[in-house]
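In: Take a look and give me a structure for this.
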Amino acid sequence: SIFPAPTYITHVTSHIDVSPSIMDLLGLDVNSVPMQGRPFWNTGIESRKVYFFAKDYFGADGMVQMNRYAMCNYIAQACYANDAMHFNQVDPIPHDLAEAKTVVADLQSIQALLYWWTKKGVKAGANETRLE
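Out: The predicted model follows:
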């Protein structure tokens, strides 16, 4: 068995980690196929950023890194941060604090990347993605 005892994953993971985790459990080389995810139990995975996109549905996007959660509520025009995925609507991060500026810039950057990625993928077709 790959795990001699039960293994508990206490950090946030993403749907992109499911396939590499299954491949690793089956003994397949995770690095043989280009993918972004990593097995849930890889060291260092807990320090990467994981994004939550819900702007189009709930008016907010968020992210987590190193157990620090952040959210931008576009309707309220406010950002929040906490050590748990729970935000006090009464106590937003002041706009002029570095943490608020970093959260906004980070979410804007990843949204721009997603937009670019989508445009390139649509241009190339469903089965082929060319990076120009």
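
In: Now the lengthiest helix in the chain: buried residues?
Out: If you go by DSSP state H, the chain has its longest helix at helix 98-124. For helix 98-124, the buried set under the neighbour-count rule, 16 or more other C-beta atoms under 10 Å, comprises 100, 103, 104, 106, 107. No exception for glycine: its C-beta is placed from N, CA and C like everyone else's.

In: Pipe those into JSON lines and attach pLDDT and distance to residue 44 per row.
Out: Below are the buried residues of helix 98-124 laid out as JSON lines (pLDDT from 0 to 100; distance: C-beta to C-beta, whole Å):
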{"residue": "100", "pLDDT": "89", "distance to residue 44": "27"}
{"residue": "103", "pLDDT": "91", "distance to residue 44": "22"}
{"residue": "104", "pLDDT": "91", "distance to residue 44": "26"}
{"residue": "106", "pLDDT": "94", "distance to residue 44": "19"}
{"residue": "107", "pLDDT": "93", "distance to residue 44": "23"}
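
In: Closest to residue 90 out of those residues?
Out: residue 100 (15.8 Å; C-beta to C-beta).

In: For the closest one, list the residues it contacts.
Out: 79, 92, 93, 94 (C-beta atoms under 8 Å, 6 or more residues apart in numbering).

In: Kindly provide the distance from it to residue 110.
Out: Separation of residue 100 from residue 110 (C-beta to C-beta, to the nearest Å): 16 Å.

In: With residue 93 instead?
Out: Counting by C-beta to C-beta, the gap from residue 93 to residue 110 is 18 Å.

In: Provide a list of residue ranges in the protein with pLDDT below threshold.
Out: 1-2, 121-132 (pLDDT under 70).

In: Identify each of the helices in it and give its residue range.
Out: 18-25, 55-58, 98-124.

In: which residues does residue 38 contact?
Out: 17, 20, 30, 45.

In: same question but for residue 16, I mixed them up
Out: Listed by C-beta under 8 Å, 6+ apart, the contact partners of residue 16 are 35, 36, 37.

In: Give me the buried subset of those.
Out: Among those, those classed as buried by 16+ other C-beta under 10 Å are residue 37.

In: For the contacts of residue 16, give me JSON lines that also has distance to residue 10.
Out: As requested, the contacts of residue 16 are exported to JSON lines (distance: C-beta to C-beta, whole Å):
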{"residue": "35", "distance to residue 10": "23"}
{"residue": "36", "distance to residue 10": "22"}
{"residue": "37", "distance to residue 10": "18"}
